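Colleague: Requesting a structural model of the entry that follows:
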Amino acid sequence: MDFKYVVDQFADIQVLRYQVPGFEELSLRQKQLLYHLSEAALMGRDILYDQNCRYNLRVRRTLEAIYLHYAGDRTTDDFRAFEVYLKRVWFANGIHHHYAEDKFVPGFSEAFFEEAVRALPVGKLPLAEGETVETLLACLKPVMFDPEVLPKRTVQSGDRDWIAASANNYYGEGVTQAEVEAFYNQKKEADKSDTPISYGLNSRLEKTDGRLEEKVWKVGGLYSEAIERIVAELEKAVPFAENEKQAEIICKLIDYYQTGDLRTFDAYSILWVEDTASQVDFVNGFIETYGDALGLKASWESTVNFRNEEATRRTQTISENAQWFEDHSPVDARFKKKEVKGVSAKVITVTMLGGDCYPSTPIGINLPNADWIRRDHGSKSVTIENIMEAYDKAAQGNGFSEEFVWSDAERALIRQYGFITDVLHTDLHECLGHGSGQLLPGTDPDALKAYASTLEEARADLFGLYYLADAKLVELGLVPDAEAYKAEYYKYMMNGLMTQLVRIEPGKEVEEAHMRNRQLIARWILEQGAGQAVELKQRDGKTYVVINDYEQLRALFGKLLAEVQRIKSEGDYAAGRALVEKYGVKIDINLHKEVLERYEKLHLSPYKGFVNPVMHEERDKDGAIRDIQLDYTENYVEQMLRYSRDYSYLK
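Modeller: Take a look at the predicted model:
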C-alpha cells in the first residue's frame, strides 16, 4: 500500500508524515532506548510554547477547550476560521508565525471568541487562582486580536531596543537590550579562560527589586515540572544504552538538567560529540539561539534518531577528507584550521521530533555550538535523510518546476541530480561548513550579536556550494559526474532570489536567519555577476533566474565565502551588519507580488512540517515488552490534542 505523505493543509502550511525505514531491523534493546528518548523528546513541549511568548500556553489551552467543548454550530465561517487559527498556533508553538515571526491575527471575530469562552464550563478554562472569565478575556483578547500588541516574536534588526521590541519570553518585564549586553559582557570580561561557558544559554534574565537575576531552567528552577519528566524518561533510557559511553552521556545530561550548571553542559557536549560508535543518537536540551535577539538564550528542542548505515558511507567519505577541504578553501590562510579535529558525520533516520524541531524541522544539524569545543574536540554533523525524502516525495508532480524553472534544460538537471545534490549540499553544509575556519585569538564568539546566526548559516551554505562543484567530489565518487552540481546551483539561486519570497507577507521584510542567509548570498551574487554569471530575465510577463556561467558563479561563491569567514574570524560586527542589512533583509516589492501571484495559482503551501509516528509498546501476557511498533495513522489534530493532554506539565 502506498504511503500517504500529506496529512493536512491550511493557511500557508502543509503537514506531512515521514517514514522510519530500518526501524524493524533494530534490536529490541535499541527500540526501547529509542522509545524512552522519544518520550523525553515530547515531555518538553510546553517549554518552547512559554519561551516563544509568555501568553502562549494560556492561549493554546483556551483554544483547545473551545475546540473540545464548543456546543455551537461548527459549520460557520467563524468556527472554520477558529480551526485554522488553532492549527496555526499548534504549528508555530504559539501565536507568532514559526518562520516569519509576525503575529498572525485570527480570522474569526472577537465576539465569537468571547461568546465561545463564556459558554464553556469554568472548570475547562485555564484560570489562575482567583481569576474570573472576564479577567481571562481581558488578558487574551489584545494578545490575540490587537496587531500592535506583541507584534513580532523576535526583532533582530533596526535601531529599536531589540529586547523590548521582541515578544519572546527570554527576558523579564522591563529588561533592556543595554542592560542585557552589560550584564553578560561583565561576565565574559571576568572569564579569561579560552574555554568559556555559553553565558545565559539556559536561563531567563529578570529584574528582582531592580536588580538583574538569572532564573535558570532546571530541576527545582524554571520549567522544573517539565524538566523533571524529561529526566525521568532519560533515567529509564540508561539501562538500554548501547554502550558505557552512551550511558555516561545520558547520565551527564541528567546531571546538567538537575544542576543547570553550564560547565556540566559543556562536559555533556564533549562526551556527546566524541561518541561516534553508537547507532542510536539524540539531541535534547536548550541548544539553538536563533530565537533570542542577542543570540544568547536557547530554545528547547529534541530529535531522536538512528544511523542510516548505507547512506552514512557518503558522509564518512566527506569527513575523512575534511582536512583537504579546509586546506583548499578560498578563505585567507589566517582563518583556516591548521588541524581539523574530530569532524564526524552521518546520515540519520529520525524517529521523533520535539520542541523547536517540531512540527517544522531542520534537515541537517551540526553541533555543538561552542567554538572552543569544536576547536578542541570537533563536531558532529547529521543529514536527516528520511525527512528530506518525505519533502521530495510529497513535492513530486506539483507543477512548481514548470512554473518557475527557466527551461527544459534546467528541469532535466533537477530531475536527474536534484535530490542527490540537495542532500550532498546539506552534508557539506553541516559536516564541513559549520566545522570549518577558526576565530582569531581574542575574538568574542558573540561579537556578531543578532547577525551571527545569519552569517554562520551563510558561511556553511557557501562552503557547501563552493565545493559542490569541485572535481574532488567526482574523484571521491560523491556525485555521478561533473555536471551534477548545476542542479543545486540553479535551485539555490532561484530560491534565494525568488521562490522563498512566498514565505513573506506583502509589505514585510525578511526576518528568519536561514532566509536572510539565502537572500544575502543570492542577491550579492546577482549584483556581482549580473549579466554575466546570473541574471533575472523576463519572458511572457514572468521573471526567471537564468545562469549564464556556472564556473563564474562558483568563483563568486568562493569570493563571498572568503569575506564572510573574515567577518566571523575577526568579529567584524560593522561589516557583518552591513552585509546582512543590504542584501538579506529588504525585498523587491514588485518581484514579491509576482511570485506570490504565480505561487497562489499552484495551490501550494510554502511551509511544511510533520506529524510524528506513534510508538507503541507491545507486551506479552506477563507484561514484559516484546516489541515497539510504529503507527503512522494519527492525523494532525489527533496528535496535537494528544500531546496537549499527555505531555503538558507547566502551569
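
Colleague: ok now stretch 179-196, how far from the chain's centre?
Modeller: 27 Å (Cα atoms, centre = their mean, to the nearest Å).

Colleague: What are the boundaries of the helices in the stretch 251-400 of the chain?
Modeller: Using DSSP state H, counting those that start in this stretch, the helices of the stretch 251-400 of the chain run over residues 262-274, 309-320, 322-327, 371-377, 385-395, 400-404.

Colleague: Could you list the buried residues of the third one?
Modeller: Along helix 322-327, the positions that meet the burial threshold by neighbour count (16 or more other Cβ atoms under 10 Å) are 322, 325-326. C-beta coordinates here come from the backbone N, C-alpha and C atoms, glycine included.

Colleague: The last one too?
Modeller: By neighbour count, with 16+ other Cβ under 10 Å as the criterion, the buried positions of helix 400-404 are 401, 403-404.

Colleague: Does that helix pack against any helices or strands, and if so which?
Modeller: helix 408-428, helix 589-601 (3 or more Cβ pairs under 8 Å, 6 or more residues apart in numbering; DSSP states H and E).

Colleague: mind running it again at 10 Å?
Modeller: Helix 400-404 sits against helix 408-428, helix 485-497, strand 542-547, helix 589-601, with contacts defined as 3 or more Cβ pairs under 10 Å, 6 or more residues apart in numbering; DSSP states H and E.

Colleague: Gln565 is nearest to which of those?
Modeller: Distance to Gln565, taken as Cβ to Cβ, is lowest for helix 408-428 among the helices and strands packed on helix 400-404, at 15.1 Å.

Colleague: Among the buried residues of helix 400-404, which one sits closest to Val155?
Modeller: Out of these, the member with the shortest distance to Val155 (by Cβ to Cβ) is Phe404, at 31.2 Å.

Colleague: Low-confidence stretches in the chain?
Modeller: The chain contains residues with pLDDT under 70 at 1.

Colleague: How about the contacts made by the residue nearest to the spatial centre of it?
Modeller: Geometric centre of the chain, nearest residue: Pro362, 4.9 Å, by Cα atoms, centre = their mean. By Cβ atoms under 10 Å, 6 or more residues apart in numbering, Pro362 lies in contact with 288, 301, 303, 350, 353, 356, 382-384, 387, 426, 430, 514.

Colleague: ok, now how distant is it from Met498?
Modeller: Between Pro362 and Met498 the computed distance is 23 Å (Cβ to Cβ, to the nearest Å).

Colleague: Am I right that Phe104 is in contact with Val59?
Modeller: No. Phe104 lies out of contact with Val59 (Cβ atoms under 10 Å); the separation is 11.7 Å.

Colleague: was I right about Glu242 contacting Leu37?
Modeller: No. Using Cβ under 10 Å, Glu242 is not in contact with Leu37; the gap is 11.6 Å.

Colleague: quick revisit: closest one to Glu617 among the helices of the stretch 251-400 of the chain?
Modeller: Minimum separation from Glu617 across the helices of the stretch 251-400 of the chain (Cβ to Cβ) falls at helix 385-395, 22.3 Å.

Colleague: Check which residues of the closest one are buried.
Modeller: Neighbour-count burial for helix 385-395 [16+ other Cβ under 10 Å]: 385-391, 394-395.

Colleague: What of stretch 229-240?
Modeller: 229-231, 233-234, 236-238, 240.

Colleague: Looking at these, spot the one nearest Gly22.
Modeller: Nearest to Gly22 among these, with distances taken as Cβ to Cβ, is Phe240, at 17.8 Å.

Colleague: For the closest one, which non-adjacent residue is spatially closest?
Modeller: Leu33 (3.9 Å; Cβ to Cβ, 6 or more residues apart in numbering).

Colleague: tell me, how many neighbours does that neighbour end up with?
Modeller: Leu33 has 28 neighbours, counted by other Cβ atoms under 10 Å.

Colleague: my read is it is in a strand, agree?
Modeller: No. Leu33 sits outside any strand when classified using DSSP: H, G, I helix; E, B strand; the rest coil, being helix.

Colleague: before we move on, back to that, quick check: neighbours shared by Phe104 and Val59?
Modeller: Taking Cβ under 10 Å, 6+ apart as the criterion, Phe104 and Val59 both touch 85, 89, 95, 144.

Colleague: Now, those residues that are in helices?
Modeller: 85, 89, 144 (DSSP state H).

Colleague: tell me the angle of the host helix or strand of Ala460 relative to helix 408-428?
Modeller: Here Ala460 is covered by helix 452-468, with elements defined by DSSP states H and E. Computed by axes from the mean of the first three to the mean of the last three Cα atoms, to 10 degrees, the angle separating helix 452-468 from helix 408-428 equals 120 degrees.

Colleague: what's helix 452-468 packed up against?
Modeller: helix 322-327, strand 364-367, helix 408-428, helix 485-497, helix 513-529, helix 550-570, helix 573-580.

Colleague: and the ones you listed as a markdown table, adding distance to Phe23?
Modeller: As requested, the helices and strands packed on helix 452-468 are exported to a markdown table (distance: least, Cβ to Cβ, whole Å):
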| stretch | distance to Phe23 |
| --- | --- |
| helix 322-327 | 30 |
| strand 364-367 | 20 |
| helix 408-428 | 20 |
| helix 485-497 | 30 |
| helix 513-529 | 29 |
| helix 550-570 | 38 |
| helix 573-580 | 41 |
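
Colleague: do you know which of the ones you listed lies nearest Val219?
Modeller: Using Cβ to Cβ, the nearest of the helices and strands packed on helix 452-468 to Val219 is strand 364-367, at 22.9 Å.

Colleague: ok, back up a step: just the helices and strands packed on helix 400-404: most buried one?
Modeller: When these are scored by mean count of other Cβ atoms under 10 Å, the highest mean neighbour count falls to helix 485-497 (a mean of 23).

Colleague: what inclination does that helix have with respect to strand 542-547?
Modeller: 140 degrees.

Colleague: Can you get me a residue count around the closest residue in space to Gln316 that isn't next to it in sequence?
Modeller: Counting by Cβ to Cβ, 6+ apart, Ala345 is the residue found nearest to Gln316 once chain neighbours are left out, at 6.7 Å. Applying other Cβ under 10 Å, we find 27 residues neighbouring Ala345.

Colleague: Mind listing the residues bridging to Ala345?
Modeller: Per DSSP bridges, the residues bridged to Ala345 are Ser381.

Colleague: Do I have it right that it meets Ser319?
Modeller: Yes. Counting by Cβ under 10 Å, Ala345 touches Ser319, with 4.3 Å between them.

Colleague: ok, now which ones touch Thr76?
Modeller: 82, 108, 112.

Colleague: Neighbour-wise, which one of the residues you listed leads?
Modeller: Counting by other Cβ under 10 Å, top hit in these: Phe82 with 23 neighbours.
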